[in-house]
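*Asks:* Fold the following, please.
(chains A and B)
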Amino acid sequence: MAKWFETHLPKIVLAPSFIAILIFVYGFIAWTAWVSLTRSRLLPKYEIEGFIQYERLFDSPRWDTAMNNLYIFGALFIGVSMILGLVLAILLDQQIRVEGAIRTIYLYPMALSMIVTGTAWKWILNPGLGLEAMVKGWGFETFTFDWLVNPDMAIYTVVMAAIWQSSGFVMALFLAGLRSVDTEIIRAAQIDGIPTWRVYVSIIIPSMAPIFLSAFIVLAHLAIKAFDLVIALTGGGPGYATDLPATYMYAMAFSRGDIGQAASSAMIMMLVVFAIVVPYLYSELRARND
Amino acid sequence: MTDVSATPAHAAVSERPQGRSFGKIALRWLLYVVLGLFAIYYLMPLFVMVTTSLKSLEEIRTGDLLSLPRELTFDAWRTAWSEACTGIQCEGVKPYFWNSVMLAVPAVMISTLLGAMNGYVIAQWRFRGANIIFALMLFGCFIPFQVVLLPMARVLGLMGIAGTIPGLMFVHVIYGLGFTTLFFRNYYVSIPVELVKAAKVDGAGFVRIFFAIFLPLSIPIIVVSVIWQFTQIWNDFLFGVSFSQAGTQPVTVALNNIVNSTTGVKEYNVDMAAAIIAALPTLLVYIVAGKYFIRGLTAGSVKG
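*Replies:* Numbers count the residues shown, from 1 in each chain, chains lettered A, B, ... in the order given. Just a heads-up that it's a prediction; the model follows:
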């Protein structure tokens, strides 16, 4: 008995976590998938009715807005964060004297809660008292910057705050990448008299392809899950102009009492995440096992 | 894992002022100016938060965003800590701050310990299927949590811990396991298996090898895991807002309620003070142990 226990102890130790993951991740996904195929409203029902919830979802103008916002937000947030991160990393890679301090400053927003970030930017972008009022106070009486309360522009304030929060992290990723490039090749190129900018464009940046992919995956993941920032900054408003899939799902689940819609929108979110993450993880795991 | 703080490896790339030509020096200056401007950009919101929190409401209305407070006042901080209203209750963020502490500390310890044991088993006691189990746990890290919110709300109800701090703790432990296991597995996988074999020959068992050999080796990764989990749990809003109720809410939820409460005069200085209070613990961790913080951030994304 004791012998059996000793040989099986590793499995016994791992079992609770594994069972928990099976139930609380995979079982719950299955539950949500199942309910997304029913007529559930305030309470879950379990008779499968087909794809009615998804039809309702795709007919919903609010979901349409949420998905459109996700495209705008995702494209700008990922694109600008990557460019800014790369530029900052290259600038910081020039033997800067106070590099450590600058890195610390660029990266600290990542330690903040999105709710804190949202609160700060909400105040800065407040048209009556924030940036707009300040510029007006400088004498530019006609200056307006009311994006926060303008339904057409409010989503861009979310982009601004998100870039502020995450671009330093992308910088850190790229900086690590720059530092891991083979120095021999670079030295050889320099001996050949190739200018620094060309060394970056033709040698260093192309060799960082895996880092670009990692940064993209992380940012895309952050974009799809974006929730707190919108809640704190705009509350999804004005109206539902800045709704994202995550806020739509939350509204359906906890304030509208529409479980069917909540489940189907959550499933769409998961499919989008999986379409991006699964190929990446698969290749990572395979590369590791090789 | 690639460490950001490594010294510039290809120092050769950057220009060395051999010629000291005017152009090179000007370029160097420009570089520092640009880096300085970006530093101002990242610091500006923090500066605005701090100065706004130290101004009176009167001064906020008449002054501008970037001006320093004419008269320092800590009233907003006192209000934010112990008087500000989150909905109907007006006790400030204090009780919610302690909720977050009581939530985060045990949740961080439990998930790190479980992650260490899981990582130890997966990396060093490989059995058939261990890799599949690891892959399944890893995928669990990436799901959007919206997909588990509804069933979790029901299960917490069935377990009788809905709306309680232990309930929220349970949720954070479960969904933190994937990451903590990943940290420890990747750390232990580089330790040669011969170590375990030798210890076994000497008669040490599974438990003793873990506590006597592996745990003492793991200080750096324990720090990474603790910082990662603490930041995640402290800064979480989605689980907090979904699974807590009045009285058990974490500080992020309370902050959001204070900022968005519609009753009375909008006190921007109080909002800012509350935001800083909510941000202080993770900021402090970042300042004290930034290296480990970055390592946690990059562990899942940089191959190594």
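*Asks:* tell me, how many neighbours does residue A:198 end up with?
*Replies:* The number of residues packed near residue A:198 is 10, by other CB atoms under 10 Å in any protein chain shown. No exception for glycine: its C-beta is placed from N, CA and C like everyone else's.
*Asks:* Who are the contact partners of it?
*Replies:* residue A:189 (CB atoms under 8 Å, 6 or more residues apart in numbering or on different chains).
*Asks:* which SS class is residue A:140?
*Replies:* coil (DSSP: H, G, I helix; E, B strand; the rest coil).
*Asks:* How about the backbone phi and psi for it?
*Replies:* Phi and psi for residue A:140, reported as degrees, to the nearest 10, are phi -90, psi 80.
*Asks:* residue ranges with poor pLDDT in the chain?
*Replies:* Using chain A. Applying pLDDT under 70 to chain A picks out residues A:285, A:287-290.
*Asks:* I was thinking of chain B, sorry if that wasn't clear
*Replies:* Looking at chain B by pLDDT under 70, you get B:1-20, B:262-264, B:299-304.
*Asks:* domain assignment for it?
*Replies:* Domains of chain B are assigned by automatic domain parsing as B:2-82, B:94-301.
*Asks:* in stretch A:265-275, what counts as buried?
*Replies:* A:265, A:266, A:267, A:268, A:269, A:270, A:272, A:273 (16 or more other CB atoms under 10 Å in any protein chain shown).
*Asks:* Let's have the residues you listed in a markdown table, adding secondary structure and distance to residue B:187.
*Replies:* Shown next, in a markdown table, are these (DSSP: H, G, I helix; E, B strand; the rest coil; distance: CB to CB, whole Å):
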| residue | secondary structure | distance to residue B:187 |
| --- | --- | --- |
| A:265 | helix | 37 |
| A:266 | helix | 33 |
| A:267 | helix | 35 |
| A:268 | helix | 36 |
| A:269 | helix | 31 |
| A:270 | helix | 29 |
| A:272 | helix | 31 |
| A:273 | helix | 26 |
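*Asks:* Tell me which two in those residues are the farthest apart.
*Replies:* A:265 and A:273 (12.9 Å; CB to CB).
*Asks:* Can you tell me which of the domains of chain B is packed in deepest?
*Replies:* domain B:94-301 (a mean of 20; mean count of other CB atoms under 10 Å in any protein chain shown).
*Asks:* Now do that one: distance to the chain's middle.
*Replies:* Computed by CA atoms, centre = their mean, to the nearest Å, the chain-centroid distance of domain B:94-301 equals 9 Å.
*Asks:* again with stretch A:100-112
*Replies:* On CA atoms, centre = their mean, the centre of stretch A:100-112 falls 18 Å from that of its chain.
*Asks:* Now do the contacts for the spatially most central residue of chain B.
*Replies:* The residue lying closest to the centre of chain B (CA atoms, centre = their mean) is residue B:231, at 1.5 Å. When contacts are counted by CB under 8 Å, 6+ apart, residue B:231 touches A:111, B:282, B:285, B:286, B:293, B:296.
*Asks:* helix or strand for it, which one?
*Replies:* helix B:219-235 (DSSP states H and E).
*Asks:* Keep the buried residues of stretch A:265-275, but drop any that are not near chain B.
*Replies:* A:265, A:266, A:267, A:269, A:270, A:273 (CB under 8 Å from any CB of the partner chain).
*Asks:* residue contacts, the third one?
*Replies:* Read that as residue A:267. A:32, A:33, A:36, B:147.
*Asks:* Apply 10 Å and report the result again.
*Replies:* Neighbouring residues of residue A:267 by CB atoms under 10 Å, 6 or more residues apart in numbering or on different chains: A:29, A:32-33, A:35-37, A:53-54, A:57, A:249, B:144, B:146-147.
*Asks:* Show me which pair in these is furthest apart.
*Replies:* Across these, the two lying at the largest distance from each other (CB to CB) are A:37 and B:144, at 18.8 Å.
*Asks:* circling back: pull up the overlap in contacts between residue A:265 and residue A:273.
*Replies:* In contact with both residue A:265 and residue A:273: B:146, B:147, using CB under 10 Å, 6+ apart.
*Asks:* do you know how far the nearest residue to residue B:228 once chain neighbours are set aside is from residue B:118?
*Replies:* Leaving out its chain neighbours, the residue that sits closest to residue B:228 by CB to CB, 6 or more residues apart in numbering or on different chains is residue B:296, at 3.6 Å. To residue B:118, residue B:296 is 17 Å away according to CB to CB, to the nearest Å.
*Asks:* And for residue B:148?
*Replies:* When residue B:148 is compared with residue B:118 (using CB to CB), they lie 20 Å apart.
*Asks:* again with residue B:267
*Replies:* 47 Å.
*Asks:* Could you do residue B:128 as well?
*Replies:* Counting by CB to CB, the gap from residue B:128 to residue B:118 is 17 Å.
*Asks:* ditto for residue A:243
*Replies:* 38 Å.
*Asks:* what does residue A:210 give?
*Replies:* Taking CB to CB, one finds residue A:210 at 27 Å from residue B:118.
*Asks:* cool, and residue A:216?
*Replies:* 29 Å.
*Asks:* show me where chain A has strands.
*Replies:* Taking DSSP state E, chain A contains no strands at all.
*Asks:* likewise chain B?
*Replies:* Going by DSSP E, chain B shows no strands.
*Asks:* check contacts around the residue nearest to the spatial centre of chain A.
*Replies:* By CA atoms, centre = their mean, chain A has its centre lying nearest to residue A:222, at 1.2 Å. Listed by CB under 10 Å, 6+ apart, the contact partners of residue A:222 are A:74, A:77, A:78, A:81, A:114, A:162, A:165, A:166, A:169, A:229.
*Asks:* again, 7 Å this time
*Replies:* Residue A:222 makes contacts with residue A:166, as judged by CB atoms under 7 Å, 6 or more residues apart in numbering or on different chains.
*Asks:* What does residue A:49 show for phi and psi?
*Replies:* Torsion angles, degrees, to the nearest 10, at residue A:49: phi -120, psi 0.
*Asks:* what's around it, how many residues?
*Replies:* 12.
*Asks:* ok, now the one 5 residues further on?
*Replies:* Neighbour count of residue A:54, defined by other CB under 10 Å: 17.
*Asks:* With adjacent residues omitted, what lies nearest to it?
*Replies:* Nearest to residue A:54 is residue A:264, by CB to CB, 6+ apart, at 5.2 Å.
*Asks:* So what's the residue count around the one you found?
*Replies:* 29.
*Asks:* what about it, distance to chain B?
*Replies:* 11 Å (CB to the nearest CB, to the nearest Å).
*Asks:* Isn't that residue up against residue A:53?
*Replies:* Yes - using CB atoms under 7 Å, residue A:264 is in contact with residue A:53, at 3.9 Å.
*Asks:* any residues in contact with both of the two?
*Replies:* By CB under 7 Å, 6+ apart, the residues touching both residue A:264 and residue A:53 are residue A:36.
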